[in-house]
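S.K.: Fold the following.
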Amino acid sequence: MQITMLKAKLHRATVTHSELGYEGSCAIDGNILDLSGIREYEQIQIYNVNNGARFTTYAIRAEEGSGLFSVNGAAARLACPGDLIIVCAYAILDQKEAENHKPTLIYFNEKNQVQRSANSIPVQAAAST
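M.R.: Below is the predicted model:
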């Protein structure tokens, strides 16, 4: 059996560009791609925190050190400059690989500078009453 697992998450990046006329994709700062392990042309899911839109596209490499997150093509209708997004890539693993798998999680500030990285998400506590 195989299972789809989170490979990488870019948490709360800010969309810097949105180009309807550009060939469809999401351009991401090359340094961030390298840090996250997301490859150019790899399928990604984008979740827009501002409007709830969720869509699939692929990553392309943007200029290293630019902080660029550009949502292009038809997806430009789903994310505008200034929107906060979560970008996720997934991997299909067999059960044995999944046992020890840890995703790469990268967290950003409002200028798309990396604030921290991790490989696990804290356990969510139940709300107190």
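
S.K.: For the closest residue to S25 other than its chain neighbours, grab phi and psi.
M.R.: Nearest residue to S25, sequence neighbours excluded (C-beta to C-beta, 6 or more residues apart in numbering): I60, at 4.5 Å. From N, CA and C alone the C-beta is placed, and that goes for glycine too. Backbone torsions of I60, given as degrees, to the nearest 10, read phi -130, psi 160.

S.K.: how about I60, what does it touch?
M.R.: Residues in contact with I60 (C-beta atoms under 8 Å, 6 or more residues apart in numbering) are 25-28, 40-41.

S.K.: Quick check, central residue of the chain?
M.R.: V87 (1.7 Å; C-alpha atoms, centre = their mean).

S.K.: Please identify the helix or strand for that residue.
M.R.: For V87, the host element (DSSP states H and E) is strand 84-94.

S.K.: returning to that earlier point: can you tell me which of the contacts of I60 are in strands?
M.R.: The strands, defined by DSSP state E, take in 25-28 from those.

S.K.: can you put those in a markdown table and add pLDDT and neighbour count?
M.R.: Converted to a markdown table, the ones in strands among the contacts of I60 look like this (pLDDT from 0 to 100; neighbours: other C-beta atoms under 10 Å):
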| residue | pLDDT | neighbour count |
| --- | --- | --- |
| S25 | 93 | 20 |
| C26 | 98 | 27 |
| A27 | 98 | 22 |
| I28 | 98 | 25 |
